[in-house]
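> Give me the fold of what follows.
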Amino acid sequence: MKSWQDTVYDNAIATWGKTPQLLVLLEEFSELQKEVLKNINRDKDNLTEIIDETADVLIMMEQLQRLYNIKEPVQQRIVEKLKRVEQRLRK
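Okay, the predicted model is just below:
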């Protein structure tokens with residue numbers, strides 16, 4: 001049985017389509033970047049905005065993985081990359 005999140009993701013893709021959702025992903029990346037830069041460059045207290053934009057990016061990243069059917073390979077690659085980070089940290 002599908003979770004409500006799965007249903008929402010699938011309906012969003014079916015309703016708005018691949019290209020529009022990929023464009024929204026890029027827009028959300030940009031908005032998160034802007035908020036992080038404000039926090040660093042202007043020492044702005046904008047944690048709420050960073051949280052909101054991070055949530056938007058993660059939602060769109062989930063759709064990206066669904067659009068390209070790459071969720072499992074991405075998860076495997078994350079583990080590989082984290083192991084490399086761990087090795088670097090030990091040096």
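
> Spatially central residue (nearest the centroid) of this protein, please.
Residue closest to the average C-alpha location in the chain (CA atoms, centre = their mean): L58, at 3.0 Å.

> burial count for Y9?
20 (other CB atoms under 10 Å). C-beta: built from backbone N, CA, C; applies to glycine.

> ok, now which ones touch it?
Neighbouring residues of Y9 by CB atoms under 8 Å, 6 or more residues apart in numbering: 59, 62-63, 66.

> can I have stretch 58-69 written out in CSV, keeping just the CAs?
Output of stretch 58-69 as CSV, limited to C-alpha atoms (Å, rounded to 0.1, in the frame of the first residue of the first chain):
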residue,chain,number,x,y,z
LEU,A,58,14.4,17.5,-0.2
ILE,A,59,10.8,17.2,-1.6
MET,A,60,12.0,18.0,-5.1
MET,A,61,15.0,15.7,-4.7
GLU,A,62,12.6,12.9,-4.0
GLN,A,63,10.7,13.7,-7.1
LEU,A,64,14.0,13.8,-9.1
GLN,A,65,14.9,10.3,-7.9
ARG,A,66,11.4,9.1,-8.9
LEU,A,67,11.5,10.7,-12.3
TYR,A,68,14.8,9.0,-13.2
ASN,A,69,14.1,5.8,-11.1
